[in-house]
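> Sequence and computational prediction follow.
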Amino acid sequence: MSDDALSNLLQENRSFPPDAAFAKRANVTAEAYADADADRLGFWAVQAQRLAWDSPWHQILDWSNAPFAKWFVGGRLNVAYNCVDRHVESGHGEQTALVFESESGDSRDITYRELQEMVSQAANALQGLGVEAGDRVAIYLPMIPEAIVAMLACARIGAPHSVVFAGFSAEALRSRIDDAQAKVVITADGQFRRGSAMPLKPAVDEAVAHTPSVDHVLVVRRTGGEVEWTGRDVWWHEVVEAASPEHHPQAFDAEHPLFILYTSGTTGKPKGILHTSGGYLTQAAWTHWAVFDLKPDEDVYWCTADIGWVTGHSYIVYGPLANRVTQVIYEGTPDTPHKGRWWEIVQKHRVTILYTAPTAIRTFMKWGEHIPDDFDLSSLRLLGSVGEPINPEAWMWYRRVIGGETCPIVDTWWQTETGAMMIAPLPGVTACKPGSAMRPLPGIGAEVVDDNGAPVDPGGGGYLVLDEPWPSMLRGIWGDDERYVQTYWSRWPGEYFAGDGAKLDDQGAIWLLGRVDDVMNVSGHRISTTEVESALVSHPAVAEAAVVGATDATTGQGIVAFVILRGTPQKDGAELVAELRDHVAHEIGPIAKPRQILVVTELPKTRSGKIMRRLLRDIAENREVGDVTTLADPTVMGLISDGLSSSAADD
Ligand code: PRX
């Protein structure tokens, strides 16, 4: 974040207390903070009672082997039963669970009873394909009901899923399947994107050609496009829809692995973040109920995330369904077939709670408020934000244009690793400041510390740490305990280092300032600079690459790459740059395509050979280049700027 943006933030003194009528009916009052302060573990034990347990736990938290936590030790439960069957048993089988809205505008309601049958059939089918508790299943699907059914079916049989975002490349999918040694992959023939059918299965075919662990590929027919077929492929409509709709949910240990979700770290290799069952579901369910003030008999909830990200896991699948939500899921993009698509959906389904990302809000601001103004958004009563810092201007716009000046806005800070929300307002309690996630939720310990790990005073800035274990915390990195300890727990003893910079204001509110490591945040998606650099240098024309995240008015950060070419380029500059961008999309996925690639002859390095990304960021953000005293060759920045003024590498 630039210094200007930072000082603007610090002058932000608007504050919006909860509306009295909202506060009066709110699910949670200020007592929750007091309860948790008085007995933190006891507070979480009470929240765990939101779930149905087959056997009780005998210890709330075992932290004796820190940083490897065990929550609700000895307890047993079935996560899918908690998200589906128990609602049918309590008499809500006819309640709509999912309102599926396709890109083309058809919608389909699925009740809890139907969901129970679909999940049971899928669970039976997976078992029929030889999947047993503990086996890993990769899921590579668009936002269709089968994606949610597939995840719940895995949960039901105790087979941890690894959902891979359907926008990731075959190579990204391959490495994730391989790392988790998945036995089955669930995919679709294709997906609808901006009005056309795009194939999906060819990427799976390419990936599984190199992953011997995979026995079967289970394929949902979505677009009806032609697909290649091999002996290991099976159609969803043949095996799932033919399976019995009865399935007995077996209980698993509270610490049974529920899923692995890969996320970018500071090296080129994505980390498989491991989450388990009882603690994860407790915190996902409680935060969803408390922070969104969910009223299961009244609300229509819509989280716009994709199931490929953690937000889709915790706030589309597990938290909301555990709370017996009625929710919209949407397959398409915000501007197909027109830029008012989201507002049309809010109007059509009378959505009451909307959870989205700042990058989307900024895009809508750019498109103009006359677009949402054409729709009836009066059903909305609460708005949420997640994924990146929300600038006060976007917050205010969200509140005024979408929220009709009345909806509380909950800015929720959390991560793939935290599993569920950690810092967020309680909408019936907190007076919210535009741009701040406010304070840790009840039962959560978070602090802003300086370089030495000492808490900063009000008004000070530093690093965000979590100083108490929490129920939905990651239990490790799949297959790499040491990297888990190193990455998160080695900087200051006993503190989880989140990788975010933060500032504490005079009233103790926390302002998140973005990543302080080599991880970029592009449209709320985490991408590592090293991952993009490795993709670039795997192209034969590239000798060396350095990647930075430059501030971007819409996407938060944009990817800017500096490359040194091998020998004399055979191609015209613009053509080569286009080829390199496509190459990155092929290696990682279109979301990692650099916004800009600049061809340079030198890169700024320290004497020990470390690339000085700070200086490259100055160039990428058109700033005067900062302190160059630690550069091995002080003339190099001049060479880079001179070279750039004569190269037209932008697109
Ligand atoms: O930098 C923070 C940012 O997103 C990172 C986590 O990314 P990911 O694991 O992909 O999860 C995103 C969805 C939870 C964090 O380290 N971040 C997330 N939410 C916020 C945020 N930054 C500021 N404010 C937020 N509300």
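It's in. Just so it is clear, the model here is predicted, and its values are computed rather than measured.
> Kindly spell out which helices and strands sit in contact with the top helix by length along the chain.
Assignment by DSSP state H gives helix 112-128 as the longest helix of the chain. The contact analysis (3 or more CB pairs under 8 Å, 6 or more residues apart in numbering; DSSP states H and E) places helix 112-128 against strand 96-101, helix 145-157, helix 236-239. Placement of C-beta: from N, CA and C, glycine included.
> Out of those, which is closest to Leu615?
Nearest of the helices and strands packed on helix 112-128 to Leu615, taken as CB to CB: helix 145-157 at 42.9 Å.
> elements contacting that closest one?
helix 79-80, strand 96-101, helix 112-128, strand 137-140, strand 161-163, strand 184-188, strand 257-263.
> So which bits of the chain are right by the ligand?
Within the chain, the positions adjacent to the ligand are 263, 310-311, 386-389, 411-416, 437, 498-500, 512, 514-515, 521, 526 by CB under 6 Å from any ligand atom.
> Please identify the residue of the stretch 551-651 of the chain positioned nearest to the ligand.
Gly556 (8.9 Å; CB to the nearest ligand atom).
> What of the stretch 251-400 of the chain?
For the stretch 251-400 of the chain, CB to the nearest ligand atom, closest residue to the ligand: Pro389, 4.0 Å.
> Can you tell me how far that residue is from Pro493?
28 Å (CB to CB, to the nearest Å).
> what about the closest residue to the residue of the stretch 251-400 of the chain closest to the ligand other than its chain neighbours, which helix or strand?
Excluding the flanking residues, the one nearest Pro389 by CB to CB, 6 or more residues apart in numbering is Leu512, at 5.1 Å. According to DSSP states H and E, Leu512 maps onto strand 510-515.
> cool, and Ala172?
Judged by DSSP H and E, Ala172 forms part of helix 170-180.
> Would you mind listing the residues in contact with the residue of the stretch 101-250 of the chain at minimum distance from the ligand?
Relative to the ligand, the nearest point of the stretch 101-250 of the chain is Phe165 (10.6 Å; CB to the nearest ligand atom). If you count contacts by CB atoms under 8 Å, 6 or more residues apart in numbering, Phe165 has them with Asp306, Gly308, Trp309, Gly589.
> Least confident of these?
Least confident by pLDDT among those: that is Gly589, with 93.
> about what we covered before: Pro389 and Pro493: who's more crowded?
Neighbour count, other CB atoms under 10 Å: between Pro389 and Pro493, Pro389 has more, with 25 against 7.
> now that one, what's its secondary structure?
What DSSP: H, G, I helix; E, B strand; the rest coil gives for Pro389 is coil.
> Looking at the helices and strands packed on helix 112-128, which is nearest to Leu173?
helix 145-157 (14.9 Å).
> For that closest one, what does the pLDDT average out to?
For helix 145-157, the per-residue pLDDT averages 98.
> If I take that helix and helix 112-128, what angle do their directions form?
70 degrees (axes from the mean of the first three to the mean of the last three CA atoms, to 10 degrees).
> Surely the residue nearest to Pro389 is in contact with Leu464?
Yes. Leu512 is in contact with Leu464 according to CB atoms under 8 Å; the separation is 6.9 Å.
> Of these two, which one has the most company?
Leu464 (26 against 22).
> Does the more buried one lie in a helix or a strand, and which?
Leu464 belongs to strand 461-466, assigned by DSSP H and E.
> from the chain's centre, how far out does that strand sit?
On the basis of CA atoms, centre = their mean, to the nearest Å, strand 461-466 sits 21 Å off its chain's mean C-alpha point.
> Could you please name the strands the helix or strand following that strand pairs with and the direction of each pair?
Of the helices and strands lying after strand 461-466 in sequence (DSSP H and E), the nearest is strand 476-477. Here strand 476-477 has these sheet partners by DSSP bridges: strand 271-276 (antiparallel).
> Just the mean pLDDT for the partner strand, thanks.
97.
> now stretch 41-52, how far from the chain's geometric center?
With CA atoms, centre = their mean, you get 25 Å for stretch 41-52.
> neighbouring contacts of it?
Contacts of stretch 41-52 (CB under 8 Å, 6+ apart): 32, 35-36, 57, 60-61, 71-72, 75, 77, 81-82, 86, 278-279, 281-283, 285-286, 289, 322-323, 442-443, 471.
> Mark which of the residues you listed are part of strands, please.
Ile60, Leu61, Trp71, Phe72, Leu77 (DSSP state E).
> Buried ones among those?
Ile60, Leu61, Trp71, Phe72, Leu77 (16 or more other CB atoms under 10 Å).
> and the second one, what are its bridge partners?
When you say that, I think you mean Leu61. Beta-bridge partners of Leu61, as defined by DSSP bridges: Trp71.
> Not counting its neighbours along the chain, what's nearest Glu132?
Ala159 (7.1 Å).
> Kindly provide the distance from Val234 to Gly225.
17 Å.
> hmm, I was thinking of Gly476
Gly476 is 39 Å from Gly225, by CB to CB.
> Looking at those two now, which is surrounded by more residues?
Counted by other CB under 10 Å, Gly476 and Gly225 do not tie: Gly476 has more neighbours, with 23 against 16.
> Let me see the confidence value for that one.
98.
> Now do the same contact list for it.
So Gly476 contacts Phe68, Leu274, Tyr484 (CB under 8 Å, 6+ apart).
> so the first one sits in a strand?
Right, the one you point to is Phe68. No. Applying three-state DSSP, one finds Phe68 to be coil, outside a strand.
> burial count for it?
17.
> Arg475 is in contact with that one, correct?
Yes. The pair Phe68 and Arg475 passes the contact test of CB under 8 Å, sitting 6.7 Å apart.
> helices and strands of this structure: which one has the lowest mean pLDDT?
Scoring the helices and strands of the chain by mean pLDDT, DSSP states H and E places helix 3-10 at the bottom, with a mean of 55.
> before we move on, back to that, next structured bit after the strand holding Leu512?
strand 519-522.
> got a list of contacts for that following strand?
Residues contacting strand 519-522 (CB under 8 Å, 6+ apart): 264-266, 387-388, 499, 514-515, 526-529, 547-549, 552, 555-559, 591-592.
> Can I get the buried part of those as one ChimeraX selection?
The ChimeraX command for the buried members of the contacts of strand 519-522 (criterion: 16+ other CB under 10 Å) is given here:
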select :264,265,387,388,499,514,515,526,527,528,529,547,548,549,552,555,556,557,558,559,591,592
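> Could you list which of the contacts of strand 519-522 belong to helices?
Taking DSSP H as the definition of helices, the contacts of strand 519-522 contribute Thr529.
> Quick check: Val325 vs Pro442, distance?
Taken as CB to CB, the span from Val325 to Pro442 is 21 Å.
> Could you check which of these two has the larger neighbour count?
Val325 (28 against 23).
> With adjacent residues omitted, what lies nearest to that one?
Looking at Val325 with CB to CB, 6+ apart, the closest residue is Tyr301, at 5.1 Å.
> Contacts only, for that neighbour.
Phe292, Leu294, Pro320, Val325, Thr326, Gln327, Val328, Val351, Thr352, Ile353, Tyr355.
> try 7 Å
Each residue near Tyr301 by CB atoms under 7 Å, 6 or more residues apart in numbering is listed here: Phe292, Leu294, Pro320, Val325, Thr326, Gln327, Ile353.
> No further queries at this time; thank you.
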